[in-house]
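Visitor: with the input below, show me the fold.
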Amino acid sequence: MEEILFSDLLQSLKEANDIAEGKSEASRRFEMTPPNVQSVRERVGLSQDEFASMMRVSVRTLQNWEKHRGNPSGPAAALLKIVVAAPEVALKSLRS
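Guide: Down below sits the predicted model:
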């Protein structure tokens, strides 16, 4: 590994550690508001079984999201955003 690259990586790790320990403030902070999964599901008129099947998750996972005992992440969060933005398109695409 090049010396400069290694030095940059080491500095980044030190900064991350300082932020984690509260010694420094992060230069940027992003707050993500998780979607209200139950309201999304009800808006498209699907049961928990139907919606879980469409999202390709277990009913238990969906119930946890609805009770705020966990939040969808990654592809599931992206898919929920699509369902909110264009429910007809999302449902048509996912059912075919």
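
Visitor: which residue would you name as the spatial centre of this protein?
Guide: residue 73 (2.6 Å; C-alpha atoms, centre = their mean).

Visitor: what's the pLDDT at that one?
Guide: For residue 73, the pLDDT comes out at 89.

Visitor: what count of nearby residues applies to residue 91?
Guide: 16 (other C-beta atoms under 10 Å). All C-beta spots, glycine's among them, are computed from the backbone N, C-alpha and C.

Visitor: again, but for residue 34
Guide: 13.

Visitor: can you give me the strands for this protein?
Guide: In the chain, no strands are defined using DSSP state E.

Visitor: show me which residues of the longest helix along the chain are buried.
Guide: Identified as the longest helix of the chain according to DSSP state H is helix 3-20. Within helix 3-20, not a single residue qualifies as buried, counting by 16 or more other C-beta atoms under 10 Å.

Visitor: ok, and what's touching it?
Guide: 24, 25, 26 (C-beta atoms under 8 Å, 6 or more residues apart in numbering).

Visitor: change it to 10 Å
Guide: 1, 2, 23, 24, 25, 26, 27, 29 (C-beta atoms under 10 Å, 6 or more residues apart in numbering).

Visitor: same thing with stretch 62-75?
Guide: By C-beta under 10 Å, 6+ apart, stretch 62-75 touches 32-42, 48-49, 51-58, 61, 76-81.

Visitor: go again using 6 Å as the cut-off
Guide: Residues outside stretch 62-75 that contact it (C-beta atoms under 6 Å, 6 or more residues apart in numbering) are 34, 37, 38, 48, 52, 80.

Visitor: repeat that for stretch 50-57.
Guide: 41, 59, 62, 94.

Visitor: count the neighbours of the third one for me.
Guide: Put plainly, it is residue 62. 22.

Visitor: for residue 52, see how far away it is.
Guide: 4 Å (C-beta to C-beta, to the nearest Å).

Visitor: go on, the first one?
Guide: In this structure, residue 41 and residue 52 are 9 Å apart, going by C-beta to C-beta.
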